[in-house]
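# I'd like to go over a predicted model; first the sequence, then the structure.
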Amino acid sequence: MNGKKILMVDDDLAFCEMLSEILREEGAEVLVEHDGASGVEKALSEHPDLVLFDVMMPVMSGIKALEKLRADGWGKNIPAILLTNVNQPEAMAASLENGPPTEYLLKVDWTLDQIAERIKKILEAK
């Protein structure tokens, strides 16, 4: 992941800190925002290689943030991963309609190392 820029948008500070550390050890530059609105702004100004959005956040949900990102010409095809602690099949279905390549991961089903590995595979395929 050397030289890749990853934007993590999540209001769980401990989660952000731990995953950021793993990604930085892999050589990625990690940007962090804690609400959907500032995450969209940061994505549009920084043009990261991949964006992670938590689904439930203050100010703007990850799903709404992804919709706004997809409405932008640059953001239309950026790899994005939606993360959540709650199994929400209807939210998953809606998020996958917002444009590829989007994945939806339940945090409880994935370790931090597995999430980092999934990010690495997505970036390698890009």
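Cool, the structure landed.
# After the helix or strand of the chain with the lowest mean pLDDT, which helix or strand is next?
In the chain, the helix or strand scored least confidently by mean pLDDT, DSSP states H and E is helix 89-96, which has a mean of 61. Sequence order places strand 102-106 as the next helix or strand after helix 89-96, per DSSP states H and E.
# tell me the contacts of the residue nearest in space to the middle of the chain?
Compute the mean C-alpha point of the chain, and by C-alpha atoms, centre = their mean the closest residue is residue 52, 0.7 Å away. Counting by C-beta atoms under 8 Å, 6 or more residues apart in numbering, residue 52 touches 6-10, 80-83, 119. Every C-beta, even on glycine, is put in place using the N, C-alpha and C of the backbone.
# for this structure, which spans come out with low pLDDT?
The model of the chain has pLDDT under 70 over residues 88-101.
# now the strands: where do they sit in it?
Using DSSP state E, the strands found in the chain span residues 5-9, 29-33, 50-54, 80-84, 102-106.
# most packed of the ones you listed?
Stretch with highest mean neighbour count among the strands of the chain: strand 50-54 (a mean of 26; mean count of other C-beta atoms under 10 Å).
# Show me how far that strand is from its chain's centre.
1 Å (C-alpha atoms, centre = their mean, to the nearest Å).
# Equivalent analysis for stretch 6-23, please.
On C-alpha atoms, centre = their mean, the centre of stretch 6-23 falls 10 Å from the chain's centre.
# So which bits of it are buried?
Across stretch 6-23, burial judged by 16 or more other C-beta atoms under 10 Å covers 6-12, 15-16, 19-20, 22-23.
# quick one: which of those residues is nearest residue 57?
Within the buried residues of stretch 6-23, distances to residue 57 taken as C-beta to C-beta reach their minimum at residue 11, with 4.8 Å.
# No further questions, thank you.
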